[in-house]
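[1] Below are the sequence and a predicted model; questions follow.
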Amino acid sequence: MLSRRFFLQTAAASVGLARASHQQKDVATASATRDVAPRVAIVLSSFAGSSDHDGTRIEGLRDPQPVTKDLSDAQVDAIVRKALDLDNSHKGGLRGIAGAEDWIVIKPDITACYGLAPETKDGGAHHQYIPGAAMDLRVVRSIITYLVEHRCGARITVAEGSGEWLPRERSKSDVDGWTTDWGGAFGGLSYRQMIADFAKQHAGVQFDVVDLNFDEAAPSEAPANPSHTYHVPATIQRCDKLISVAPLRTHRKAAVSLSILNYLGIAPGAFYGFPKTKLNEIGSMDEVAVDLFSFHPADYAVVGGSWGIEGDGPSHPGGRSVHHNVVIAGARAVAVDAVSAAIMGFDPSEIRHLRIAERKGFGGWDTDAVWTRGSDIESARRVFLKPSA
């Protein structure tokens, strides 16, 4: 149990019980324990600095901004970089996890697509796009830039399998989640253009996009639940490292939709449909999400951005946009999701898929056992309107 509160209480007790000659040993023991505890970085756009649990000063952002202010590309990049740098777990954070020769897959949540609406008849099952319905593309770009700068990854793939939209070559629409410019929200940038730009700038790294809905897939038993069989894309099973990137969103059937529910996007629509209604025949959404997660548990998780969804999410019309500039990052997805849920005003113990994930051995949801760095949960909290069901 290594929350800030726990650390301070333990330190105070040690002072009262230990002699000065034993203090060095106590510090070493605390440090060793801290290294095995989940570390999660929390960085608000307003982050002006803080103190680490051992009293070390953590420098703030050079240009802190209000949490509801529209941010420039540079300001978003600064938040992401700060979060990735603060997660210096015993594995060295993202830089220590991702190797130079690795095939790294980044799985952003691109559920909705700007430019497609419910009345669009192209084989998809569209919801109206609102901010927060898909991941902030600038966060994804910053993660890729960070990886390249630290020489992580020989191949970097952006992969998604939305249950709402189909790639243009398989639909009658002029736009899809890979080519939409998001109404100019991210400077007119699209995923296709972003990947093309990276390929031009970094010839030594292979960059590509994979639509998981139509990737090669074969039926396999879920490692976490052998009684359930799924078609899982080869990209997910063969890559060396997987980074889950998702916005803060509520979900009417699962309370929250964060890193773990992002895995619903790996189930191929070519087999499960648009939307992926055949998944409902296998089990509850909470169970299915953890089953899919188990095929390649996230090596790293990033949650947040500038916009999220509250209410009967994760999409319009039940959900509504929330502007809250925060990035939460860490190497243990369950801990990242638990901290994110707490920031949203949820009790992580009441989120069923987090309990299932812990039971299956993917890490604990108890935020008191998480070593948070940067902002803390209390200062980052913005209570989201909960689903009505």
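    The structure has been received and is ready for your questions.

[2] pretty sure Trp365 belongs to a strand, no?
    No: when classified by DSSP: H, G, I helix; E, B strand; the rest coil, Trp365 is found to be coil rather than part of a strand.

[3] Arg352 versus that one, what's the distance?
    Distance, Trp365 to Arg352, by C-beta to C-beta, to the nearest Å: 11 Å. The C-beta positions use only the backbone N, C-alpha and C, and glycine is treated the same way.

[4] try His202
    42 Å.

[5] Ala83 now?
    27 Å.

[6] Looking at the two, which is more packed in?
    Higher neighbour count among Ala83 and Arg352: Ala83, with 31 against 16, using other C-beta atoms under 10 Å.

[7] ok but that one is inside a helix, no?
    Yes: under three-state DSSP, Ala83 falls within a helix.

[8] ok, it touching Ser45?
    No: Ala83 is not in contact with Ser45 according to C-beta atoms under 8 Å; the separation is 11.2 Å.

[9] who touches Asp240 in this structure?
    Contact analysis of Asp240 by C-beta atoms under 8 Å, 6 or more residues apart in numbering lists 99, 102-104.

[10] Now it. Its backbone dihedrals?
    When read as degrees, to the nearest 10, the backbone of Asp240 gives phi -80, psi -40.

[11] where's it relative to Val40, distance?
    Counting by C-beta to C-beta, the gap from Asp240 to Val40 is 23 Å.

[12] cool, Thr229 as well?
    33 Å.

[13] Comparing the two, which residue is more hemmed in?
    More neighbours surround Val40 than the other of Thr229 and Val40, with 29 against 13 (other C-beta under 10 Å).

[14] can you confirm that one is in a helix?
    No: counting by three-state DSSP, Val40 is not found in a helix; it is strand.

[15] The closest residue to it other than its chain neighbours: what's it in contact with?
    Spatial nearest neighbour of Val40, chain neighbours left out: Gly330 (4.0 Å); criterion: C-beta to C-beta, 6 or more residues apart in numbering. Taking C-beta under 8 Å, 6+ apart, we find Gly330 in contact with 38-41, 87, 89, 300-301, 336, 339.

[16] least confident pick among the residues you listed?
    Within those, pLDDT reaches its minimum at Ser89, with 62.

[17] From what I see, Lys253 and Met285 are in contact.
    Yes: between Lys253 and Met285 there is a contact at 5.0 Å, judged by C-beta under 8 Å.

[18] distance of His357 from Ala289?
    If you look again at residue 357, you'll see it is Ala, not His. Where Ala289 is concerned, Ala357 sits at a distance of 9 Å (C-beta to C-beta).

[19] Overlap in contacts, those two.
    Joint contacts of Ala357 and Ala289 (C-beta under 8 Å, 6+ apart) are Ile260.

[20] So what pairs up with the residue nearest to Val40 in the strands?
    Val40, Ala301 (DSSP bridges).

[21] quick one: it from Pro297, how far?
    13 Å.

[22] which of the residues in stretch 159-169 are buried?
    159-168 (16 or more other C-beta atoms under 10 Å).

[23] centre of the chain versus stretch 169-179, how much separation?
    25 Å (C-alpha atoms, centre = their mean, to the nearest Å).

[24] mean confidence for it?
    94.

[25] Name the surrounding residues that touch it.
    Residues contacting stretch 169-179 (C-beta under 8 Å, 6+ apart): 110, 112-116, 120-124, 134, 160, 162, 165-168, 190-192, 209, 211, 214.

[26] Which of these fall in helices?
    In helices, defined here by DSSP state H, the members of the contacts of stretch 169-179 are 191-192.

[27] domain ranges for this protein?
    1-36, 39-380 (automatic domain parsing).

[28] Endpoints of the longest one, how far apart?
    So that's domain 39-380. By C-alpha to C-alpha, to the nearest Å, the extent of domain 39-380 from end to end equals 16 Å.

[29] I'd like the distance from that domain to the chain centre, please.
    Worked out by C-alpha atoms, centre = their mean, domain 39-380 lies 3 Å from the chain centre.

[30] follow-up on the earlier one: overlap in contacts, Gly330 and Pro297.
    By C-beta under 8 Å, 6+ apart, no residue touches both Gly330 and Pro297.

[31] Looks like Tyr230 contacts Ala224 (just checking).
    No: using C-beta under 8 Å, Tyr230 is not in contact with Ala224, being 10.9 Å away.

[32] between those two, what contacts are shared?
    The overlap between the contact sets of Tyr230 and Ala224 (C-beta under 8 Å, 6+ apart) consists of Asp291.

[33] Of these two, give the one with the bigger neighbour count.
    The neighbour count for Tyr230 versus Ala224, taken as other C-beta under 10 Å, is higher for Tyr230 (23 against 20).

[34] which residues does the closest residue to that one other than its chain neighbours bridge with?
    Leaving aside its sequence neighbours, Tyr230 sits nearest to Ala222 (C-beta to C-beta, 6+ apart; 6.0 Å). Ala222 forms beta bridges with Asn225, as assigned by DSSP bridges.

[35] do Gly311 as well
    With DSSP bridges as the rule, Gly311 is bridged to Gly319.

[36] Which pLDDT value belongs to it?
    Looking at Gly311, the pLDDT reads 97.

[37] Right, I'll leave it there.
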